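*Asks:* Based on what follows, work out the 3D shape:
(one chain, ligands or ions: 1)
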Amino acid sequence: MHDVVVIGGGVVGLSVAYECSRRGLSVVLLDQTQPGREASWAGAGILPPGHPGSPLAELSNLSTGLWPRWSAELREETGIDNGYRRCGGLRIPEQSPGETAAEVDEWRHAGVAADILEQAQIRECEPELAGPGIESACRLPTLAQVRNPWHLQALIAACARRGVDIRCGQPVTGFDEQRGRTRAVLTPGGPVSGHNFVVAAGAWSQRLLANSRTSIEIEPIRGQIVLLSTHRPLIRHVVEQGPRYLVPRPDGRTLVGSTEERAGFHKANTATAVSGLIAFAVSVVPALADSRFEQAWSGLRPRALRGLPYLGRPLNRENLFLAAGHFRDGLKLSPGTAVVLADLLTGQPPSIDIDRFAID
Ligand SMILES: Cc1cc2nc3c(=O)[nH]c(=O)nc-3n(C[C@H](O)[C@H](O)[C@H](O)COP(=O)(O)OP(=O)(O)OC[C@H]3O[C@@H](n4cnc5c(N)ncnc54)[C@H](O)[C@@H]3O)c2cc1C
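*Replies:* Alright, predicted model coming up:
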């Protein structure tokens, strides 16, 4: 019998499995399809340096500190470079240039380096960022990015090296429970028993727990992304304007994201969204008009209706834990989430205060 049964092999489940295995726990991870192929693969890989003024700030800071260390350790353990790098970010105001000063203050107040760029400085820093109306920007020099598909490969390889039993094509359909204690999860391949269980099933977590005694509200929010490419990178920073952004890769590819759509569990690209994203990209970096369209994809973000992820153990459960509902920040918050869950699973006090993420 394993110490921990992790349900769901996205970045959250894999990170929890990785951290638990590092702490000497034996882990089995079950995924209904293949690990690392859902939202975590589809994401853009932006790692903002914090969440100023948000209840996520502490978890975000914990994760920010862990990203460089995890990236180096994963590279050493597996030989896979996850592409983590501090490329910096520019945030362009959505409405008026006046927003920038307030935003810079907010970041600085949270202890994050930030400065205001006026139009001439923007041109100096990013000459191709020449869309009309771009008069000011908030620069975040420590904003980082990761190639999330590479990161997932590294996590899978590291987990496998550490003996995590990764089982693909194993949808969990229910729980075998007795007096508040989970004895096993049910799969078409038979029950899988363990001492502790972690639900990390992303957008599917509510559905998974639907007939159990734990009630959570998580809905899938579809996000579409377009990939453009040019001979050389046109910009160096991640550029964000409201919910939309450009993420430059060193090989000349530029990711353009993203939408927020209620479309159930239906992954698809629509003409409206793809054309809207391309129009946004060209409006910000006009030279992208001549870029090559490579592909488009979509993923289902797990949005907790209450606005915060569920982390921890419901009061009426003895050995069932949740790590789900990270919406737009699951990649960013995954190392901190894993550390907190591993703290709980090893009976230690959590590294940060997690009361606000309580399930009940
Ligand atoms: C377009 C887009 C852009 C994004 N950009 C960013 C970004 O720049 N930065 C950032 O931090 N975040 C970003 N995100 C959000 C981030 O991707 C998610 O918050 C994160 O991936 C959620 O991880 P997860 O492990 O909870 O879910 P998922 O990656 O969806 O993984 C859930 C896993 O559970 C499995 N599963 C589900 N049900 C069951 C079951 N019953 N039994 C067994 N297995 C099951 C699934 O097969 C899946 O593998 C983006 C998301 C999208 C869609």
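*Asks:* How about the closest residue to the ligand within the stretch 101-250 of the chain, nearest residue that isn't a chain neighbour?
*Replies:* Closest approach of the stretch 101-250 of the chain to the ligand (Cβ to the nearest ligand atom) occurs at residue 202, with a separation of 2.5 Å. Glycine gets a C-beta too; all of them are placed from N, C-alpha and C. The shortest distance from residue 202 to any non-neighbouring residue, by Cβ to Cβ, 6 or more residues apart in numbering, is to residue 302 (4.4 Å).
*Asks:* correct me, but the one you found touches residue 208?
*Replies:* No - in terms of Cβ atoms under 8 Å, residue 302 does not count as a neighbour of residue 208; the distance is 11.4 Å.
*Asks:* Between the two, point out the one with more neighbours.
*Replies:* residue 302 (28 against 24; other Cβ atoms under 10 Å).
*Asks:* Confirm that the more buried one lies within a helix, as I assumed.
*Replies:* No - counting by DSSP: H, G, I helix; E, B strand; the rest coil, residue 302 is not found in a helix; it is strand.
*Asks:* which residues does it contact?
*Replies:* Applying Cβ atoms under 8 Å, 6 or more residues apart in numbering to residue 302 gives the contacts 39, 202, 203, 205, 218, 220, 324, 325, 326, 327, 330.
*Asks:* what's the neighbour count on the residue lying closest to residue 244 once chain neighbours are set aside?
*Replies:* The shortest distance from residue 244 to any non-neighbouring residue, by Cβ to Cβ, 6+ apart, is to residue 280 (5.1 Å). Neighbour count of residue 280, defined by other Cβ under 10 Å: 20.
*Asks:* Look up how far residue 162 lies from residue 280.
*Replies:* Separation of residue 280 from residue 162 (Cβ to Cβ, to the nearest Å): 42 Å.
*Asks:* With residue 94 instead?
*Replies:* 44 Å.
*Asks:* near the ligand, which residues of the stretch 101-250 of the chain show up?
*Replies:* Residues of the stretch 101-250 of the chain found near the ligand (Cβ under 6 Å from any ligand atom) are 171, 172, 200, 201, 202, 203, 204, 208, 223, 225.
*Asks:* out of those, which are inside helices?
*Replies:* Judged by DSSP state H, helices contain the following of these: residue 208.
*Asks:* Can you name the two of the residues of the stretch 101-250 of the chain next to the ligand that sit furthest apart?
*Replies:* Among these, the pair separated by the greatest distance (Cβ to Cβ) is 172 and 225, at 28.3 Å.
*Asks:* Please name the nearest non-neighbouring residue to residue 41.
*Replies:* residue 149 is the one closest to residue 41 (Cβ to Cβ, 6+ apart), at 5.5 Å.
*Asks:* quick one: is the top helix by length along the chain near the ligand?
*Replies:* Counting residues, the longest helix in the chain under DSSP H turns out to be helix 57-78. No - with Cβ under 6 Å from any ligand atom as the criterion, the ligand is not reached by helix 57-78; the gap is at least 9.0 Å.
*Asks:* Give me the helices and strands touching the helix or strand just after that helix, please.
*Replies:* For helix 57-78, the succeeding helix or strand toward the C-terminus, using DSSP states H and E, is strand 85-86. Strand 85-86 sits against strand 144-145, with contacts defined as 3 or more Cβ pairs under 8 Å, 6 or more residues apart in numbering; DSSP states H and E.
*Asks:* So what touches the strand it packs on?
*Replies:* 44-47, 49, 67, 83-87, 238, 247.
*Asks:* got a winner among the residues you listed for most neighbours?
*Replies:* Neighbour counts for the contacts of strand 144-145 peak at residue 47, which has 26 neighbours (criterion: other Cβ under 10 Å).
*Asks:* distance of the residue lying closest to residue 313 once chain neighbours are set aside from residue 199?
*Replies:* In this structure, residue 313 finds its nearest non-sequential neighbour in residue 321, 4.9 Å apart by Cβ to Cβ, 6+ apart. Using Cβ to Cβ, residue 321 is found at 7 Å from residue 199.
*Asks:* Show me which of those two is the more surrounded one.
*Replies:* The neighbour count for residue 321 versus residue 199, taken as other Cβ under 10 Å, is higher for residue 199 (29 against 24).
*Asks:* Please name the residues that touch that one.
*Replies:* By Cβ under 8 Å, 6+ apart, residue 199 lies in contact with 7, 8, 205, 208, 209, 320, 321, 322, 323, 324.
*Asks:* switch to 10 Å and redo it
*Replies:* 5-8, 12-13, 172, 175, 185, 205-206, 208-209, 212, 214, 216, 310, 320-324, 359 (Cβ atoms under 10 Å, 6 or more residues apart in numbering).
*Asks:* Next: residue 200.
*Replies:* Contact analysis of residue 200 by Cβ under 10 Å, 6+ apart lists 6-17, 29, 31, 302, 321-324, 326, 330, 334, 337-338, 341.
*Asks:* and if you look at residue 74?
*Replies:* 18, 80, 81, 82, 84, 150, 151, 153, 154, 155, 157, 158.
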